[in-house]
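Participant: When you get a sec, could you give me coordinates for this:
(one chain, ligands or ions: 1)
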Amino acid sequence: MNNYLLNGLLARWLSRITLLAVFALPGFADRPNVVLVMSDDQGWGQTGYNGHPLLKTPHLDQMAASGIRFDRFYAGASNCSPTRATLLTGRSNDRTGVQTHGYPLRRQEKTIAQAMRDAGYATGHFGKWHLNGLRGPGAPIFKEDPLHPGVFGFDTWVSVSNFFDLHPVMSRNGKFEDFEGDSSEIAVAEALKFIGAQKDAPFFTVIWFGTPHSPFVSFLEDEKGFEHLPDDQRHQLAELVAMDRSIGALRSGLRDLGVAENTVLWFNGDNGGLNLGDTVGGLRGFKNQVYEGGLRVPGLVEWPAGIEAGQVTDFPAVTMDIFPTIGEIVGLDKSVYVQPLDGTSLVSVFDGYAGSRESPIPFKRLEGVALIDNQWKIVAPNVETGQFELYDLVQDPQETRDLTASQPKQAVRMRKLWDAFNHSREASVAGMDYPEKNVRPDPVGREDGVFWIELPEYQAYFEAWEDRPEYKTWVKRGRAEQK
Ligand SMILES: [Ca+2]
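Facilitator: Numbers count the residues shown, from 1 in each chain. Below is the predicted model:
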């Protein structure tokens, strides 16, 4: 390490110690607040700061300039529910029971929300949940649902089971409520209400947007500049314009409430972009694939009191890192995690660490697997075939040259890392990480997901919802299946 870097680190450590000394007063009132925000299907290339040719995201760009921007931030999996599970637990998704979208999170897992609630934080979830084993478009969640956000540590929630769009019906701690407006702006407004109500406790707030996931529905005024595009692309980008505006509302809302300075605001995507125009910034592959385009997503962290502005890093980071990072910042006990964790704390990266990552990042969703160890990546699009590919992501970020034959030592080393993870993953799948050393059947009939239209409690709403654009075809389908 050179002297310059050492002095820089020392200065930051000293300022952090000062910060801690100032904040080490009785009680927890000055511990940092945390707001975790996640978009739904936003590709790595779909931000202004990353050079999208048409889309402007001034608020995400400002957030990037005010904190640290991760140019190699990965979703923990290539689609929705699995990534959500990795974020809440710090563990690769298969370990948690969430093998693909629509699978429920096991109640034997321990979540960041439970840990924060137990540490004295007010906890809130706003938006898309998708961890209660329900498939189909986002429906409001019943208070009797055995896997609602409250079960996993969120005391306050305004949530839907899956993606949601304009003018949604959502569930406020189990009470159904109609909303008017853009889904991202609604989620942010509800989150800010929750944050503003916290007078004594620090807050842990999770905002999971339904944007820019299908159906692609947007306000006409947000389509400016995209008029020449096909309908789906035009609406998808317009949804992102509204989402970016909601990021602006969130950042200014935190400032207006006087809490922005000591709030960790984290933004990232939940999986790679769709095959829908310019979404992945030239990377290979799309959502549901384990090439970079399916996994690499926007990733930004802003925390004025703890992160120097204007940093850009190519340190490979992943949604599994969020729990251990917040755990280090807040000082959570190691007992809050189910082991093994796959994530690692990024606090040193926030402080300017530019070295390599110690632990590799594993990915597995159904038959698609990959493992990243700094510049190296092995990929098996279908692990059943036993065929792995090897890429050097620094020399070849587009994954065009399989180096398995020309770099046999690396290929063997990476394969060993994968095999070691896979062995450990199999033990987790069998329940060996839990005190009972097995998997509790959990809960009735939802182990691999169920469409909500099949459940009697939702069928009771068919008449009320049959004209809602987001449910129309689903209600029809549900009635056809009932016959
Ligand atoms: Ca998604």
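
Participant: can you pull the pLDDT of the residue nearest to residue 439 when sequence neighbours are not counted?
Facilitator: Counting by Cβ to Cβ, 6 or more residues apart in numbering, residue 439 lies nearest to residue 431, which is 3.8 Å off, once chain neighbours are set aside. Bear in mind the C-beta positions are built from the backbone N, C-alpha and C, glycine included. Listed pLDDT for residue 431 reads 98.

Participant: ok, now residue 442?
Facilitator: Residue 442 is given a pLDDT of 74.

Participant: picking that back up, so what's the residue nearest to residue 439 up against?
Facilitator: Residues near residue 431 by Cβ atoms under 8 Å, 6 or more residues apart in numbering: 108, 437, 438, 439, 440.

Participant: What values do phi and psi take at the third one?
Facilitator: Dihedral pair for residue 438: phi -160, psi 170, per degrees, to the nearest 10.

Participant: which bits of the stretch 1-150 of the chain sit near the ion?
Facilitator: Counting by Cβ under 5 Å from the ion, the residues of the stretch 1-150 of the chain close to the ion are 40, 41, 80.

Participant: What helices and strands are in contact with the helix or strand hosting residue 171?
Facilitator: Applying DSSP states H and E as the criterion places residue 171 in strand 169-172. With contacts taken as 3 or more Cβ pairs under 8 Å, 6 or more residues apart in numbering; DSSP states H and E, strand 169-172 sits against strand 156-160, strand 175-178.

Participant: what's the offset of it from the middle of its chain?
Facilitator: Distance of strand 169-172 from its chain centroid, counting by Cα atoms, centre = their mean, to the nearest Å, is 21 Å.

Participant: Then stretch 340-356?
Facilitator: Averaging C-alpha positions (Cα atoms, centre = their mean) puts stretch 340-356 17 Å from its chain's average.

Participant: Likewise for stretch 146-153?
Facilitator: 17 Å.

Participant: ditto for stretch 109-129
Facilitator: Distance, centroid of stretch 109-129 to centroid of chain: 14 Å (Cα atoms, centre = their mean).

Participant: May I have that stretch exported as PDB, CA atoms only?
Facilitator: Taking C-alpha atoms only, stretch 109-129 is exported to PDB below (Å, rounded to 0.1, in the frame of the first residue of the first chain):
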ATOM      1  CA  GLU A 109     -33.800 -17.900   7.800                       C
ATOM      2  CA  LYS A 110     -32.800 -14.800   9.700                       C
ATOM      3  CA  THR A 111     -33.200 -11.500   8.000                       C
ATOM      4  CA  ILE A 112     -31.600  -8.000   8.200                       C
ATOM      5  CA  ALA A 113     -35.000  -6.600   9.100                       C
ATOM      6  CA  GLN A 114     -35.300  -8.900  12.100                       C
ATOM      7  CA  ALA A 115     -31.800  -8.000  13.200                       C
ATOM      8  CA  MET A 116     -32.500  -4.200  12.800                       C
ATOM      9  CA  ARG A 117     -35.800  -4.500  14.600                       C
ATOM     10  CA  ASP A 118     -34.100  -6.300  17.500                       C
ATOM     11  CA  ALA A 119     -31.400  -3.700  17.600                       C
ATOM     12  CA  GLY A 120     -34.000  -1.000  18.200                       C
ATOM     13  CA  TYR A 121     -34.700   0.200  14.700                       C
ATOM     14  CA  ALA A 122     -38.200   1.000  13.400                       C
ATOM     15  CA  THR A 123     -38.600  -1.300  10.300                       C
ATOM     16  CA  GLY A 124     -40.700  -0.700   7.200                       C
ATOM     17  CA  HIS A 125     -41.200  -2.400   3.900                       C
ATOM     18  CA  PHE A 126     -42.800  -0.500   0.900                       C
ATOM     19  CA  GLY A 127     -43.600  -2.000  -2.500                       C
ATOM     20  CA  LYS A 128     -42.900  -5.400  -4.000                       C
ATOM     21  CA  TRP A 129     -42.400  -8.300  -1.600                       C
END
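
Participant: Can you give me the buried ones in it?
Facilitator: Going by neighbour count (16 or more other Cβ atoms under 10 Å), the buried part of stretch 109-129 is 109-117, 119, 121-129.

Participant: Now, those residues that are in strands?
Facilitator: If you go by DSSP state E, the buried residues of stretch 109-129 have 122, 123, 124, 125, 126, 127, 128 in strands.

Participant: wait, isn't the third one in contact with residue 150?
Facilitator: Spelled out, that is residue 124. No. Contact criterion Cβ atoms under 8 Å: residue 124 and residue 150 do not qualify, at 10.5 Å.

Participant: Overlap of the contact sets of the two?
Facilitator: Contacts common to residue 124 and residue 150, judged by Cβ under 8 Å, 6+ apart, are residue 157.

Participant: need the contact list for residue 95.
Facilitator: 89, 338, 340, 342, 425, 428, 429, 433.

Participant: residues touching the first one, list them.
Facilitator: The neighbours of residue 89, taking Cβ under 8 Å, 6+ apart as the test, are 95, 96, 105, 109, 110, 111, 112, 320, 323, 337, 338.

Participant: Out of those, flag the one nearest to residue 245.
Facilitator: Nearest to residue 245 among these, counting by Cβ to Cβ, is residue 112 at 27.3 Å.

Participant: where's the closest one relative to residue 350, distance?
Facilitator: Using Cβ to Cβ, to the nearest Å, residue 112 is found at 17 Å from residue 350.

Participant: Next, the buried residues of the longest helix seen in the chain.
Facilitator: Secondary structure of the chain per DSSP state H: the longest helix is helix 231-256. For helix 231-256, a neighbour-count test (16+ other Cβ under 10 Å) marks 233-251, 253-254 as buried.

Participant: Likewise for stretch 469-478?
Facilitator: Result for stretch 469-478 [16+ other Cβ under 10 Å]: buried residues 470, 471, 474, 475, 478.

Participant: mind listing what the spatially closest residue to the first one that is not a sequence neighbour touches?
Facilitator: Closest residue to residue 470 apart from its sequence neighbours, by Cβ to Cβ, 6+ apart: residue 137 at 5.3 Å. The contact partners of residue 137, taken as Cβ under 8 Å, 6+ apart, are 162, 163, 164, 215, 470, 471, 474.

Participant: Which of the residues you listed fall in helices?
Facilitator: residue 474.

Participant: Give the full set of residues in contact with residue 240.
Facilitator: 39, 42, 46, 55, 57, 211, 212.

Participant: no no, residue 346
Facilitator: The contact partners of residue 346, taken as Cβ under 8 Å, 6+ apart, are 301, 315, 317, 321, 325.

Participant: repeat for residue 349
Facilitator: Residue 349 touches 68, 313, 315, 317, counting by Cβ under 8 Å, 6+ apart.

Participant: Can you get me a residue count around residue 397?
Facilitator: 19 (other Cβ atoms under 10 Å).
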